[in-house]
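In: Using only what follows, build the 3D model:
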Amino acid sequence: MKKRTVLITGSTSGIGLGIAEVFAEKGYNIIFNGLEKNGAEIAREIARKYQIDHMFFGTNMLDPVALRGLVQNCVVNFGSIDVLINNAGIQHVSPIESFPEDKWNEIININLNAVFHLTKAAWPYMKSNRFGRIINIASVHGLYASEFKSAYVAAKHGVIGFTKTIALEGASFNITCNAICPGYVKTPLVETQISDQAKFHKLSEEEVIHQVLLRKQAVKDFIPIELIAQMSLMLASDNACTITGIALPIDGGWSAQ
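Out: Predicted coordinates for the structure are as follows:
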């Protein structure tokens, strides 16, 4: 079997970086993406460590034309796009009456619209190859709501609806589409939330973790990035050909309540 190629958005930090490392270990060609200033260096180091072919693009998820170009670069350089992992995302926490409209638009565009644009761009190549694995990193907030996160919750619910539709459209072409719905993962995005919530609730950061963030989880611990990465790898495999259209909670028992 030829080496497969995976495009992972937001793959130079947090969950995306963990996913990239697991796919690199398995020998995938990787298209890295991220806005970190040292993103190219991060990607180069992972590629060197695992002796894989790679490319890095600092494409902004807000630019649909650039997103189409990202997919085309993937195909031109590696001959195909086999796995698309839509991971890039942002968050903003605010009551609805003071929720900034520019933040609403930015969250919807990055967390939801970019998923559409990248999937649409990759679709003809996956369809032609009769193989494709689309994995959307959604959130437990795609299944349940929390206050003060209207844009994020709306976007992630949209991702899950989109996932189901694409699963149906891809079934005849060996293209699967699934969503992973993590609970809280200790990433830079969540660390910012901890700091903000501590100020808002006048609590220590440790109190915020247990009394606010992990309150709804039965298992009072952050979700390991490695677990999300390994689940992504499994969903990308040939053996996962009949797993499609699911929204898989990895949430420490949040959804069991």
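In: Dead centre of this structure: give me the residue that sits there.
Out: Of all residues in the chain, the one closest to the mean position by C-alpha atoms, centre = their mean is residue 87, 1.8 Å from it.
In: Now that one, what are its backbone angles?
Out: phi -120, psi -30 (degrees, to the nearest 10).
In: does it really touch residue 10, like I thought?
Out: Yes: between residue 87 and residue 10 there is a contact at 4.6 Å, judged by C-beta atoms under 8 Å. In short, each C-beta sits where N, CA and C put it, glycine included.
In: Would you mind grabbing the residues shared as contacts by these two?
Out: residue 16 (C-beta atoms under 8 Å, 6 or more residues apart in numbering).
In: those strands in the stretch 151-257 of the chain, which residues are they?
Out: Counting by DSSP state E, counting those that start in this stretch, residue ranges of the strands within the stretch 151-257 of the chain are 175-182, 247-250.
In: Including distance to residue 154 and mean neighbour count, could those strands go into a markdown table?
Out: What follows is these, written out as a markdown table (distance: least, C-beta to C-beta, whole Å; neighbours: other C-beta atoms under 10 Å):
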| stretch | distance to residue 154 | mean neighbour count |
| --- | --- | --- |
| strand 175-182 | 15 | 26 |
| strand 247-250 | 15 | 19 |
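In: Include mean pLDDT when you put those strands into JSON lines, please.
Out: Shown next, in JSON lines, are the strands of the stretch 151-257 of the chain (pLDDT from 0 to 100):
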{"stretch": "strand 175-182", "mean pLDDT": "98"}
{"stretch": "strand 247-250", "mean pLDDT": "98"}
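In: and stretch 122-136, which residues are buried?
Out: 122, 123, 125, 126, 127, 131, 132, 133, 134, 135, 136 (16 or more other C-beta atoms under 10 Å).
In: Residues touching that stretch, excluding its own?
Out: With C-beta under 8 Å, 6+ apart, stretch 122-136 has contacts from 7, 71, 75, 80-86, 115, 119, 159-160, 162-163, 166, 170, 173-180, 232, 235-237, 240.
In: And the buried ones among those, selectable in PyMOL?
Out: The PyMOL selection below is limited to those of the contacts of stretch 122-136 classed as buried (16+ other C-beta under 10 Å):
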select buried, resi 7+71+75+80+81+82+83+84+85+86+115+119+159+160+162+163+166+170+174+175+176+177+178+179+180+232+235+236
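In: follow-up on the earlier one: and the residue nearest to the centre of the chain, what does it touch?
Out: Counting by C-beta under 8 Å, 6+ apart, residue 87 has contacts 8, 9, 10, 11, 15, 16, 19, 137.
In: just those residues now: which is nearest residue 26?
Out: residue 19 (11.2 Å; C-beta to C-beta).
In: Near that closest one, how many other residues are there?
Out: 29 (other C-beta atoms under 10 Å).
In: burial count for the spatially closest residue to residue 24 that is not a sequence neighbour?
Out: Computed as C-beta to C-beta, 6 or more residues apart in numbering, the closest residue to residue 24 that is not its neighbour in sequence is residue 50, at 4.0 Å. Using other C-beta under 10 Å, residue 50 has 17 neighbouring residues.
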